[in-house]
Structure formats: structure tokens, C-alpha cells
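A.B. asks: next come a sequence and a model predicted from it.
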Amino acid sequence: MDPIFKYCPNCKSPHLIFDKGIKITCTDCDFEFYHNTAGAVAVIIQKEDKILLTVRNKDPQKGYLDLAGGFIDPAETAEFSCVRELKEELNIDIDKTKLQYINSNPNTYLYKNILYNTIDLFFLYRDDHLLIEDFDTIELKGFLWKKITEIDIDELAFESQKKTLSLLKKQLNKG
Ligand SMILES: [Zn+2]
């Protein structure tokens, strides 16, 4: 695997080893850089029997359906990250005590030629009275409500979402 940078940030040597996509080591000065998995949250907002999907307005996966969420900032709890992301993306204030953890799935996110590994933590947030105003931003081209059973999994932007939503679909079909 190619290192995410060409020269050692410490001694400028080109002799870098990128071991298993986890650690970049300089063989000249022993500099080490960990390309750790980043934590991210994704919130499945449910209103009655429908869930909210946003439409991505930028790459990666422009035009595909997405869940509200994003990277967890340093020193932030996953729950607070959900609150912050939903305020930023949808301009809604949620009660974080009503967030229900579902599961986690790994994902990759290619941004400006750097492959980020994430662990996406999925939460369910149910509010039958939720009101969200229309919007159109650089990041998102609005949103839509769909029944889980009617979601085409291939329209989803990321593998982790495909896995978790497929699981929820199966559970709904059983029950
Ligand atoms: Zn070096």
C-alpha cells in the first residue's frame, strides 16, 4: 500500500513503509505515524414509519443517499457528535437521551486521494413530531423520507450504511 505522504515529515526521507495501512514508518529516522481508524456517527432518524435520508451534494458518492452524521471530533462523545451533526446538517435540536445505539460497521472514505478508515456507530432517533425545513447546501442536496422496506440499498452511499440498513430491513420483515 502506498503511504499517504511521499516524504518523511521529520527528515524528508522518501524511505517510508506503510505497514498494513495502519502505521507509516521512516526507515531513516524512526519517525512513526499512525493512520488510525476514525470514529464516526450515523443517525437513522425515524418519524412514524419512515426514515430520513439525505442526498449527498459532493464527492465521495455525490448524488447518493446518506444518513445524517459525520466524524466524531476529538474529546467528543458519540452521542454529542450526533447532536452536533444534526444541528449542523439539518438545523434540528435533538434530545440525546433518546438516541438508541444500534450497531457499528467499518467503512472507508476516500477524500482528496487519502483513504480514511472509519468505524461508523449507528444510532436510532425516533420522533414522530419532528419538523425539518427544506435546505440545499454545499454538502447536501436536501433530504427525503422513505419507509425502510422501500429503500433501495444500492442507492446508499456507503458500505457500512448498506449493512446496517439491510439488517434493520430484515428485522422488520421478520417482525
Ligand atoms: Zn524520517
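C.D. replies: On my side now, so go ahead.

A.B. asks: which helices and strands does the lengthiest helix in the chain pack with?
C.D. replies: Secondary structure assigned by DSSP state H gives helix 159-174 as the longest helix of the chain. In this structure, helix 159-174 makes packing contacts with strand 38-47, strand 99-111, strand 114-126, judged by 3 or more Cβ pairs under 8 Å, 6 or more residues apart in numbering; DSSP states H and E. Just so you know, the C-beta spots here come from the backbone N, C-alpha and C atoms, and that holds for glycine as well.

A.B. asks: which other residues reach that helix?
C.D. replies: The contact list for helix 159-174, computed with Cβ atoms under 8 Å, 6 or more residues apart in numbering, reads 42, 44, 66-67, 102-103, 105-108, 118, 120, 122, 148-149, 151, 153-154, 156.

A.B. asks: could you redo the last one with a cut-off of 6 Å?
C.D. replies: 67, 103, 105, 107, 120, 122, 148, 153, 156 (Cβ atoms under 6 Å, 6 or more residues apart in numbering).

A.B. asks: for PyMOL, write the select line for the buried members of those residues.
C.D. replies: Selecting only the buried entries of these in PyMOL, with 16 or more other Cβ atoms under 10 Å as the criterion:
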select buried, resi 67+105+107+120+122+148+156
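
A.B. asks: dump the contacts of helix 159-174 into TSV; add pLDDT and distance to the ion as well.
C.D. replies: Shown next, in TSV, are these (pLDDT from 0 to 100; distance: Cβ to the ion, whole Å):
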residue	pLDDT	distance to the ion
67	97	40
103	98	40
105	98	35
107	96	31
120	98	33
122	98	39
148	92	50
153	95	45
156	97	41
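
A.B. asks: make JSON lines from the contacts of helix 159-174 and add distance to residue 48 to it.
C.D. replies: Listed next are the contacts of helix 159-174 as JSON lines, based on distance: Cβ to Cβ, whole Å:
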{"residue": "67", "distance to residue 48": "18"}
{"residue": "103", "distance to residue 48": "23"}
{"residue": "105", "distance to residue 48": "26"}
{"residue": "107", "distance to residue 48": "28"}
{"residue": "120", "distance to residue 48": "25"}
{"residue": "122", "distance to residue 48": "20"}
{"residue": "148", "distance to residue 48": "12"}
{"residue": "153", "distance to residue 48": "22"}
{"residue": "156", "distance to residue 48": "21"}
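
A.B. asks: farthest pair in the contacts of helix 159-174?
C.D. replies: Pairwise distances across the contacts of helix 159-174 peak at 19.6 Å for 107 and 148 (criterion: Cβ to Cβ).

A.B. asks: okay, residue 175: pLDDT?
C.D. replies: Looking at residue 175, its pLDDT is 65.

A.B. asks: any idea how far residue 125 is from residue 45?
C.D. replies: Look at residue 45 and residue 125: by Cβ to Cβ, to the nearest Å, they are 5 Å apart.
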